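1. With the input below, show me the fold.
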Amino acid sequence: MRRRIGYLPEHPYFYDHLTAEELLQYFGALFGYAPAERRRRASALLDEVGIGAERRLQLRRFSKGMVQRVGIAQALINE
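-> Prediction:
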């Protein structure tokens, strides 16, 4: 059950040199998804949380709200 539960702390810390896409693909890899599935999930989740063209910007350029949106996507990456 722990493998399926996502977690988003109030003040998340992510590797801010990564883009939102790279971060979600990294977490997808930690959950053992194949590269094609990681890309598909990352793209779909970023669309779902309202991160559009910004997905290719480094996280250090995101506002706090945008980082929280990425955090929600990260928490959902493993469904």
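2. Only alpha carbons, please: show the lowest-mean-pLDDT helix or strand in the chain as PDB.
-> Ranked by mean pLDDT, DSSP states H and E, the weakest helix or strand in the chain is helix 64-76, scoring a mean of 91. Taking C-alpha atoms only, helix 64-76 is exported to PDB below (Å, rounded to 0.1, in the frame of the first residue of the first chain):
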ATOM      1  CA  LYS A  64       5.500  28.900  -5.100                       C
ATOM      2  CA  GLY A  65       2.000  28.100  -6.500                       C
ATOM      3  CA  MET A  66       3.500  26.500  -9.600                       C
ATOM      4  CA  VAL A  67       5.900  24.400  -7.500                       C
ATOM      5  CA  GLN A  68       2.900  23.200  -5.500                       C
ATOM      6  CA  ARG A  69       1.200  22.200  -8.700                       C
ATOM      7  CA  VAL A  70       4.200  20.200  -9.800                       C
ATOM      8  CA  GLY A  71       4.200  18.700  -6.300                       C
ATOM      9  CA  ILE A  72       0.600  17.600  -6.800                       C
ATOM     10  CA  ALA A  73       1.600  16.000 -10.100                       C
ATOM     11  CA  GLN A  74       4.500  14.300  -8.400                       C
ATOM     12  CA  ALA A  75       2.200  12.900  -5.700                       C
ATOM     13  CA  LEU A  76      -0.100  11.400  -8.400                       C
END
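3. any idea how far that helix is from the chain center?
-> Chain-centre distance of helix 64-76: 6 Å, with C-alpha atoms, centre = their mean, to the nearest Å.
4. tell me what that helix is packed against?
-> Applying 3 or more C-beta pairs under 8 Å, 6 or more residues apart in numbering; DSSP states H and E, we find helix 64-76 packed against helix 20-30, helix 35-48. The C-beta positions use only the backbone N, C-alpha and C, and glycine is treated the same way.
5. just these: most buried one?
-> Neighbour counts (mean count of other C-beta atoms under 10 Å) averaged over each of the helices and strands packed on helix 64-76 peak at helix 20-30, with a mean of 19.
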